[in-house]
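> Return a 3D structure for these sequence lines:
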Amino acid sequence: MRSREFSNITQRKEFEEALKRSNSLLTAQREASVDGVLAVDEQGRIVSYNNRFCELWQIPESVLQSVEFGGLLSLLQHHLQLPDGLVEALENAYDSPEKYTQQEIYLADRRVIDCYSGQVHSPDGKFYGMVWYFRDVTERICILQELRAEQERSERLLLNMLPEKIAKKLKHSRASMADGFEEVSVLFADIVGFTELSCNMSPVQLVGLLNRIFSMFDNLCDQYKLEKIKTIGDAYMVVSGLPEPRTDHAAAIANMALDMQKAISQVKSREGIQISMRIGINSGPVIAGVIGTKKFIYDLWGDTVNVASRMESLGTPKCIQVTEGTYLRLRDQFNFEQRGLIAVKGKGEMMTYWLVGKVN
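Numbers count the residues shown, from 1 in each chain. A predicted model of the protein is given here:
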């Protein structure tokens, strides 16, 4: 009899020792967690928590230890000045039909807490309580926000360099790409007298003047929905009709050319400098695309581009010279003066016209 009692006592002690050992290991595991941990039973009474939970929510441990009866939610709502986000997270977890929930809590002090909760059930489905895990993810969120902001800045920069359609293609492929367009109009503009100006201006003043002029032209590009290709020194190149084709490509670029001349006149009058523009336009087919692997630029190639450049270089200050092809597309909408035949390198003699204004 005594032997049996002794055996029972020994087994009980071994069981109690195993339970203590298990509880110690669980406590150590809980305290080692980077997450704040809180567990409550089915009646809302605190069963377990760790120091990290108290630190995250700035709750004195003595307060949690004093909760013996009644609901945890009642304590949080009525006796502690805790962030609404914490109370809401606890309430949502109890009210949610989902076994597991996750949400980010944005606090007034700019901290972001990731809240993960799970229901605890017995093997036969009886509800035992809830466990919450809280982690301060403020640094991670800030890094993600900075990465998104940097990505947006990079995309805006790419869109300033390339048409949106081309920029999207390049984001997915670094291969060279080019497309043919049958109907576009190309404009070249050059500032007359710029060399003389550069001799009488400091580099800062010169760049400032160019920036003011070209910014006005950029605004005109936006107004007429044209594609600026590039600037080379004091020359400006723009195209109409790509990468999205349009039937009014010639009219749109003619309107811009007229407004560019007005803009230069305003600069001349406002800044008291001797300056004018020579503009050339041609219409026809081109190849357009991006080649190479560095310093991407969307560029144009073809006879149409070469002739447009010749229209500018063989033109006259304060005038807009166009080819016969452009003239035929616009003669019913704009006023022209025939210049006559001129010798164009590589093309022989070509009939050209001066664009002087819109038809009233």
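> can you map out the helices along the stretch 251-360 of the chain?
Secondary structure of the stretch 251-360 of the chain by DSSP state H, counting those that start in this stretch: the helices cover 303-313, 324-330.
> In PDB, list the C-alpha atoms belonging to the first one.
Read it as helix 303-313. Output of helix 303-313 as PDB, limited to C-alpha atoms (Å, rounded to 0.1, in the frame of the first residue of the first chain):
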ATOM      1  CA  ASP A 303      14.500  60.900 -95.100                       C
ATOM      2  CA  THR A 304      11.600  62.900 -93.600                       C
ATOM      3  CA  VAL A 305      13.800  63.800 -90.600                       C
ATOM      4  CA  ASN A 306      16.800  64.800 -92.800                       C
ATOM      5  CA  VAL A 307      14.700  67.000 -95.000                       C
ATOM      6  CA  ALA A 308      13.000  68.700 -92.000                       C
ATOM      7  CA  SER A 309      16.500  69.600 -90.700                       C
ATOM      8  CA  ARG A 310      17.400  71.000 -94.100                       C
ATOM      9  CA  MET A 311      14.200  73.100 -94.100                       C
ATOM     10  CA  GLU A 312      15.500  74.800 -90.900                       C
ATOM     11  CA  SER A 313      19.100  75.200 -91.900                       C
END
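> Counting neighbours, which bits of it end up buried?
304-312 (16 or more other C-beta atoms under 10 Å). From N, CA and C alone the C-beta is placed, and that goes for glycine too.
> got it, and stretch 216-225?
Quick answer for stretch 216-225 (16+ other C-beta under 10 Å): 216-217, 220-221, 224.
> In helices only, show me those.
216-217, 220-221, 224 (DSSP state H).
> For the most centrally placed residue in the chain, I want the exact helix or strand it lies within.
Residue closest to the average C-alpha location in the chain (C-alpha atoms, centre = their mean): residue 152, at 2.2 Å. Using DSSP states H and E, residue 152 maps to helix 138-161.
> Centre of the chain to that helix, how far?
Centroid separation for helix 138-161 versus its chain: 6 Å, with C-alpha atoms, centre = their mean, to the nearest Å.
> sorry, back to before: can I get the buried residues of stretch 216-225 in CSV including pLDDT and distance to residue 114?
Listed next are the buried residues of stretch 216-225 as CSV, based on pLDDT from 0 to 100; distance: C-beta to C-beta, whole Å:
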residue, pLDDT, distance to residue 114
216, 91, 50
217, 92, 50
220, 94, 50
221, 90, 46
224, 93, 50
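> Redo those as CSV? Include distance to residue 206.
Shown next, in CSV, are those (distance: C-beta to C-beta, whole Å):
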residue, distance to residue 206
216, 16
217, 17
220, 22
221, 22
224, 28
